[in-house]
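Q: Pasted the sequence and its predicted model underneath.
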Amino acid sequence: MLKVLISFYLILIVVAMTYTSSKAQSTLDKKYEAAEEKIVGIWPHNDRIKSPERLKELKDRWGFNYILLAAIYGEKEKSFANNAGFDSLHIMHQIYIPDLINNKELVLRNIKNVGKIWAYYFDEPISREHSYIQFLDLIKDLSNSGFYPHAKFIVSELDEKKAARLLRISDGIMYSGYGNKEAMGLDQVKTWTEWKEYLGEKFSLIWISSDQDSNEYLTLFKAAHDLGFNAVWFYALEPIGDGEEINDSNYKKFCEAAVEYGFMKVK
C-alpha cells in the first residue's frame, strides 16, 4: 500500500512539473501583434539597430508595427528595418534641426537617400530653441523633393502652449515628458488629459518610456484607451549605453498591458 501511495504521489509531482514547465514555456514563447487600426511604434535601443535578428524580433515577437530611426541613421538602417518587416510606410525618421544649420546639404542628402517614409519626427523644437526658420525652410525643401506632404510631420514638446505654436505645420503632436509635467504625479495621465483638451485631435500620439514608466504600463494604457488614442510609441532607447537595453520581461509587461486595453493581441 505504501509503495502504491509513493508511486501515486510521484506521478502527481511529475504531472505538476510537466504542467508548470509547459505553462512557463508557453508564456515564454508568447508572441504579439498590433491590434487592427492601432499604431504601436517603438524607438528602439541602438543595440537593436546593430543586430538584424534582434531588430526583426521587435516585429515578429513583440508585435510593434511602426519603428522610429534616430537622426544618426540613414539608408542602411532603413534597409535593416525593411528586412526586419517594417516597410517604408511604417517608418518614422528623426530630423534634428541643429544638423540643418551645421550641415544642411548632408542632412538633405540623407533624407533623400532614405526615400519616402511614413513620417518625420522633430523632438522638442520649441523647448530646445531650434530655429523656426530652418523648420520652415525644411518644409519647402521636402516639398520640392516630393517628400512632403507625402510624409507626416510629427512633433513632440514638453509644454502644450509651445506645442500649440506648431499646430498648423504638424500632422501630430506628442508629449515627450514622463510623469506629470508639474512633477506632482507618478504618471502622465493628468498631462495627457489637459493636452487633449487644449490641443484637440492633433494631440494624437503618446510616448510610454521603457525606463521611467515601467511600473505604470497598465495605468497608461488604460488612460490611452479612455482618452481615445490609437497610437502609442514605446521609448526603448534608454538606458542608452551599449548592452543596457531593457530585458525581455519589460517588453512582455508592456505588451501584456497593451493587450489588456486593446492595443495589441496575442498571435
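A: Okay, I see it.
Q: what's Val126 in contact with, if anything?
A: Heads up, residue 126 is Ile, not Val. Contacts for Ile126 (Cβ atoms under 8 Å, 6 or more residues apart in numbering) come out as Glu157, Asp159, Lys162, Ala163, Arg165, Leu166. (Each C-beta comes from the backbone N, C-alpha and C, glycine too.)
Q: same check, this time on Tyr96
A: Neighbour list for Tyr96: Ala71, Asp123 [criterion: Cβ under 8 Å, 6+ apart].
Q: How confident is the prediction for it, by pLDDT?
A: What the model reports as pLDDT for Tyr96 is 90.
Q: Phi first, then psi, for it.
A: Main-chain torsions, Tyr96, degrees, to the nearest 10: phi -100, psi 110.
Q: Just the strands from the chain, written as ranges.
A: 32-34, 39-43, 66-69, 91-94, 119-123, 152-157, 172-175, 205-209, 231-235, 264-266 (DSSP state E).
Q: Neighbouring strands of the second one in the sheet, and parallel or not?
A: The pairing partners recorded for strand 39-43 under DSSP bridges are strand 66-69 (parallel), strand 231-235 (parallel).
Q: mind giving me a markdown table with those and columns for mean neighbour count?
A: Below are these laid out as a markdown table (neighbours: other Cβ atoms under 10 Å):
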| stretch | mean neighbour count |
| --- | --- |
| strand 66-69 | 23 |
| strand 231-235 | 22 |
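Q: Which among the strands of the chain is found nearest to His225?
A: strand 231-235 (9.8 Å; Cβ to Cβ).
Q: can you list contacts of that closest one?
A: The contact list for strand 231-235 (Cβ under 8 Å, 6+ apart) reads 38-43, 64, 66, 68, 172, 174, 204-211, 221, 224, 254, 258, 263.
Q: In ChimeraX, select just the buried ones from these.
A: The ChimeraX selection below is limited to those of the contacts of strand 231-235 classed as buried (16 or more other Cβ atoms under 10 Å):
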select :38,39,40,41,42,43,64,66,68,172,174,204,205,206,207,208,209,210,221,224,254,258,263
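Q: Name the nearest residue to Glu37, ignoring sequence neighbours.
A: Excluding the flanking residues, the one nearest Glu37 by Cβ to Cβ, 6 or more residues apart in numbering is Asn230, at 6.3 Å.
Q: what residues are up against the one you found?
A: So Asn230 contacts Glu37, Lys38, Ile39, Ser204 (Cβ under 8 Å, 6+ apart).
Q: Next, count neighbours for the first one.
A: Translated: Glu37. When counting by other Cβ atoms under 10 Å, one arrives at 6 neighbours for Glu37.
Q: Quickly list the domain ranges of this protein.
A: Following automatic domain parsing, one gets these domains for the chain: 1-29, 31-266.
Q: what about the helices in the stretch 1-150 of the chain?
A: Taking DSSP state H, counting those that start in this stretch, the helices of the stretch 1-150 of the chain run over residues 2-28, 46-49, 52-60, 75-83, 97-114, 132-144.
Q: buried subset of the contacts of Ile126?
A: Glu157, Ala163, Leu166.
Q: quick one: the nearest residue to Ile139 once chain neighbours are set aside from Leu100, how far?
A: Sequence neighbours aside, Tyr148 is the residue nearest to Ile139 in space, at 6.1 Å (criterion: Cβ to Cβ, 6+ apart). Computed as Cβ to Cβ, to the nearest Å, the Tyr148 to Leu100 distance reads 14 Å.
Q: do the same with Gln94
A: Computed as Cβ to Cβ, the Gln94 to Leu100 distance reads 12 Å.
Q: What does Ser145 show for phi and psi?
A: Taking degrees, to the nearest 10, you get phi -90, psi 0 for the backbone angles of Ser145.
Q: what about it, how many neighbours?
A: Neighbours around Ser145, by other Cβ under 10 Å: 13.
Q: tally of neighbours for the closest residue to it other than its chain neighbours?
A: Closest residue to Ser145 apart from its sequence neighbours, by Cβ to Cβ, 6+ apart: Lys112 at 6.2 Å. Neighbour count of Lys112, defined by other Cβ under 10 Å: 15.
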